[in-house]
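Trainee: How does the following fold in three dimensions:
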Amino acid sequence: MSAPLAASRRAVAALFLERQWLDRPRERRLTARTLAAFVQATCGLQIDSVHVVERAHHLTLWSRFGVYDRRRLERLLYRQRVLVEYLTHVACFVPRSDLPLLRRFMLDTPSRWKRTTDWHEQHHEAIEWVAAQVAARGPLGTADFERPEGRGRSGGWWDWRPTTRALDYLWKCGRIAVHSRVHFHKRYDAAERVLPELATLSPLTEAAATEQRLLRSLAAMGAASIDDLRSYWTWPQLMAPALRAALARLEADGRVVRCRVEGQRGDWFVRADDVPALQRAARRRAASRGTVLLSPFDSLLWHRTRIERLWGYHYRIEIYVPGAQRAHGYYSLPVMHDGVFIGRVDLKTHRDQGVLEARHAHFEPWFAAGQAPPRAAWGEVDRDAALTGLASALADLAAHVGASRVQLGRVTPAKLRAPLARALSGAPSGSPGAPRRGSRRTGRS
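Mentor: All right, here's what the predicted structure looks like:
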């Protein structure tokens, strides 16, 4: 048996950024083709309702494509249906081309539920009633199942209202689909009206679906540990024995090879087709060019332990942390400059005032001290260039969320507030990505 492939932490991080379309942040052009290709590459575009700054999917797309036409995106999503709503990591927009794979997970939903709950069996009649209502009157949202006017509290079904859970179950089964959203609230319709091809698709076998899921996850990460694979594409839950069995089959037929990563315990895995790409990544002088803020729900951050292993950057969302215990703020966005995490900024959009408030910019200690990054890095980080890049990114994000200016608050350490403020004063709102020689905002080739 040959020795496992050896890879540096830097090579793995560089390939990860490339596969996540962060090698050229904010420089590509959003089209139907690039939107589908990006979401295909990352296995999903996460959806989340928090909009302190902007909805998660808008932030994630901005970090790759810069400012784009929101109305055009809506047309691509809900008229052309380039993407559809389903689950991979959690609720995500996914490529329509993934339906044969996702169909397997849809068909298996009743049996998966049966292993953990009998709710759907106990409420079979109610679920079928909801399905019939959607089929007859769709598209419908949960608000369409409110108690009818004039009915009292003894209204039976209308008092009980398990409609949200019934709709969720039917959606996961593939019997209904998300037709559209109004004020971000989902409206469901019969699956055959939203996705006519769904009923006639031949689903993959369970084994083939598991293998495709792992291969897609490996492609999205470049190289991954078992823990990464378990934590990246999380729905439906893949138990360790099934994961290991599928990896063994993929190894046996030569589609996956083992890899030893610098500073990491245990084997990592790489698609055999990606070995040349990993070797090229090791020779790169820079993994990324430019500065960008990332949504807390960005696919790059789906497994935060992986980020800490590769970059030495610890990040968590503090939405549910009591205010007095927050270290960085309610909704802090990681800041990446030239492929390295240099800090985070707690942001809030004041839509009525046209202001993007940078409530707290908190830089990593090594960056503030002018030291080298702790792990994956590509040479020295120019602090002035990084601050200028962050100012440009903040101005660009302000334009994206409809704000006319950036308001800077607290900065840690305080000595970096003045240079960041100067950089912001020179960054025109609505500017494109940080200027780079010879760069153009184009579609991915």
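
Trainee: quick one: low-confidence ranges for the stretch 51-200 of the chain?
Mentor: 146-161 (pLDDT under 70).

Trainee: Which residue comes closest to Ala391 once chain neighbours are left out?
Mentor: In this structure, Ala391 finds its nearest non-sequential neighbour in Ala423, 3.6 Å apart by Cβ to Cβ, 6 or more residues apart in numbering. The C-beta positions use only the backbone N, C-alpha and C, and glycine is treated the same way.

Trainee: Regarding this protein, what is its longest helix?
Mentor: If you go by DSSP state H, the chain has its longest helix at helix 383-400.

Trainee: Buried ones in that helix, by neighbour count?
Mentor: Using 16 or more other Cβ atoms under 10 Å as the test for burial, helix 383-400 gives 383, 386-400.

Trainee: Same question for stretch 46-56.
Mentor: For stretch 46-56, the neighbour count (16+ other Cβ under 10 Å) marks 46-48, 53-56 as buried.

Trainee: for those, which one is nearest Arg244?
Mentor: Gln46 (26.6 Å; Cβ to Cβ).

Trainee: Quick check: the closest one touching Thr60?
Mentor: Yes: here Gln46 lies in contact with Thr60, judged by Cβ atoms under 8 Å, at a distance of 7.0 Å.

Trainee: what do those two both touch?
Mentor: 295, 297-299 (Cβ atoms under 8 Å, 6 or more residues apart in numbering).

Trainee: now, the most widely separated pair of the residues you listed?
Mentor: Ser295 and Ser299 (9.2 Å).

Trainee: Residues that sit against both of the two, list them.
Mentor: By Cβ under 8 Å, 6+ apart, the residues touching both Ser295 and Ser299 are 46, 60.

Trainee: Tell me the gap between the helix or strand harbouring the residue nearest to Ala391 and the middle of its chain.
Mentor: Here Ala423 is covered by helix 417-425, with elements defined by DSSP states H and E. In terms of Cα atoms, centre = their mean, to the nearest Å, the centre of helix 417-425 is found 30 Å from the chain centre.

Trainee: Average pLDDT for it, rounded please.
Mentor: Averaging pLDDT along helix 417-425 gives 97.

Trainee: tell me the angle of that helix relative to helix 383-400?
Mentor: Interaxial angle of helix 417-425 relative to helix 383-400 (axes from the mean of the first three to the mean of the last three Cα atoms, to 10 degrees): 50 degrees.

Trainee: List the buried residues for helix 417-425?
Mentor: By 16+ other Cβ under 10 Å, the buried positions in helix 417-425 come out as 420, 423-424.

Trainee: got the angle between the longest strand seen in the chain and helix 417-425?
Mentor: Using DSSP state E, we find that the single longest strand of the chain is strand 340-350. Angle of strand 340-350 versus helix 417-425, following the same axes, to 10 degrees, is 70 degrees.

Trainee: Strand partners (parallel or antiparallel) of strand 340-350?
Mentor: Applying DSSP bridges to the sheet, strand 340-350 is found paired with strand 332-337 (antiparallel), strand 355-363 (antiparallel).

Trainee: Serialize those strands to TSV and add fields for distance to Ala287 and mean pLDDT.
Mentor: Output for the strands paired with strand 340-350, formatted as TSV (distance: least, Cβ to Cβ, whole Å; pLDDT from 0 to 100):
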stretch	distance to Ala287	mean pLDDT
strand 332-337	10	98
strand 355-363	20	98
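
Trainee: With distance to Thr34 and mean neighbour count as extra columns, can I get those in CSV?
Mentor: Formatted as CSV, the strands paired with strand 340-350 follow (distance: least, Cβ to Cβ, whole Å; neighbours: other Cβ atoms under 10 Å):
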stretch, distance to Thr34, mean neighbour count
strand 332-337, 20, 26
strand 355-363, 26, 22
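
Trainee: just checking, Ala3 is part of a strand?
Mentor: No: using DSSP: H, G, I helix; E, B strand; the rest coil, the assignment for Ala3 is coil, not a strand.

Trainee: burial measure for it, as a count.
Mentor: Using other Cβ atoms under 10 Å, Ala3 has 7 other residues around it.

Trainee: and what of the one 3 residues further on?
Mentor: Residues within reach of Ala6, counting by other Cβ under 10 Å, total 11.

Trainee: quick one, strands of the stretch 101-250 of the chain?
Mentor: Secondary structure of the stretch 101-250 of the chain (DSSP state E, counting those that start in this stretch): strands at 176-182, 185-190, 224-225.

Trainee: What residues sit buried inside the second one?
Mentor: Taking 16+ other Cβ under 10 Å as the neighbour-count basis, strand 185-190 is seen to contain the buried residues 186-190.

Trainee: and it, how far from the chain's centre?
Mentor: With Cα atoms, centre = their mean as the basis, strand 185-190 stands 22 Å off its chain's centre.

Trainee: elements contacting it?
Mentor: helix 124-137, helix 163-172, strand 176-182 (3 or more Cβ pairs under 8 Å, 6 or more residues apart in numbering; DSSP states H and E).

Trainee: Report the buried residues of the second one.
Mentor: Yep, that's helix 163-172 we're talking about. 163, 166-172.

Trainee: about what we covered before: in TSV, list the shared contacts of Gln46 and Thr60 along with secondary structure, pLDDT and distance to His337.
Mentor: Converted to TSV, the shared contacts of Gln46 and Thr60 look like this (DSSP: H, G, I helix; E, B strand; the rest coil; pLDDT from 0 to 100; distance: Cβ to Cβ, whole Å):
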residue	secondary structure	pLDDT	distance to His337
Ser295	coil	98	17
Phe297	coil	98	21
Asp298	coil	98	16
Ser299	helix	98	19
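
Trainee: Closest one to Ala372 out of the residues you listed, please.
Mentor: Nearest member of these to Ala372, counting by Cβ to Cβ, is Asp298, at 25.0 Å.

Trainee: need the helices for the stretch 151-300 of the chain, in chain order.
Mentor: 157-160, 163-172, 191-194, 206-221, 226-232, 240-252, 275-282 (DSSP state H, counting those that start in this stretch).

Trainee: burial count for Arg115?
Mentor: With other Cβ under 10 Å as criterion, Arg115 counts 6.

Trainee: again with Ala177
Mentor: Neighbours around Ala177, by other Cβ under 10 Å: 24.

Trainee: Tell me the one of the buried residues of helix 383-400 nearest Ala6?
Mentor: Ala386 (31.1 Å).

Trainee: May I have the predicted confidence score for that closest one?
Mentor: 98.

Trainee: Would you confirm that it contacts Ile342?
Mentor: Yes: using Cβ under 8 Å, Ala386 is in contact with Ile342, at 5.6 Å.
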